[in-house]
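Undergrad: Based on what follows, work out the 3D shape:
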Amino acid sequence: MTVYIYFSDAHKLETEALTQSKLRHAHTTQLYGLVWEPDAYAVVMQYVRYGSLDSFLAKYHTPTVCKLKMAHEIVLGMNYLHTQSPPIIHRDLKIQNVLVSESIRMMVGCLQMTSNEIAWF
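TA: Numbering: from 1, shown residues only. Prediction:
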């Protein structure tokens, strides 16, 4: 399953997609493709079942040992971004931008657009 994220600015989309297309790591989200329509531009991203980490923690009791594992996986994702050439600086790491997969794996969302530039569908 995929998620479409619509952008209002084609240049920003192109920049984001180029960066995201090069990323392959267990703890970052995956870009599947682009959609170019006359009045809309979108990226097609990996669907992550449980959504954001803040929503997951609000719904499910999570033991401390699991939270430590989650923190470690977030660090692994961020380390991967920071060790790219050139380094990718996330600039908006927060609990809402960490996604939880079906196997309870943490995935750092890598899009750098601000929330008022993105419409999630």
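
Undergrad: which secondary structure elements does the strand or helix carrying E14 contact?
TA: E14 belongs to helix 10-21 when elements are defined using DSSP states H and E. Judged by 3 or more Cβ pairs under 8 Å, 6 or more residues apart in numbering; DSSP states H and E, helix 10-21 is in contact with strand 31-36, strand 41-46. Just so you know, the C-beta spots here come from the backbone N, C-alpha and C atoms, and that holds for glycine as well.

Undergrad: Report the angle between the first one and helix 10-21.
TA: When you say that, I think you mean strand 31-36. Interaxial angle, strand 31-36 versus helix 10-21 (axes from the mean of the first three to the mean of the last three Cα atoms, to 10 degrees): 160 degrees.

Undergrad: Show me which parts of strand 31-36 are buried, residue by residue.
TA: Of the residues in strand 31-36, those buried by neighbour count under the rule 16 or more other Cβ atoms under 10 Å are 31, 34.

Undergrad: quick revisit: possible to save the helices and strands packed on helix 10-21 as a markdown table with mean pLDDT and distance to E73?
TA: Output for the helices and strands packed on helix 10-21, formatted as a markdown table (pLDDT from 0 to 100; distance: least, Cβ to Cβ, whole Å):
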| stretch | mean pLDDT | distance to E73 |
| --- | --- | --- |
| strand 31-36 | 80 | 20 |
| strand 41-46 | 76 | 16 |
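
Undergrad: Many thanks, we can stop here.
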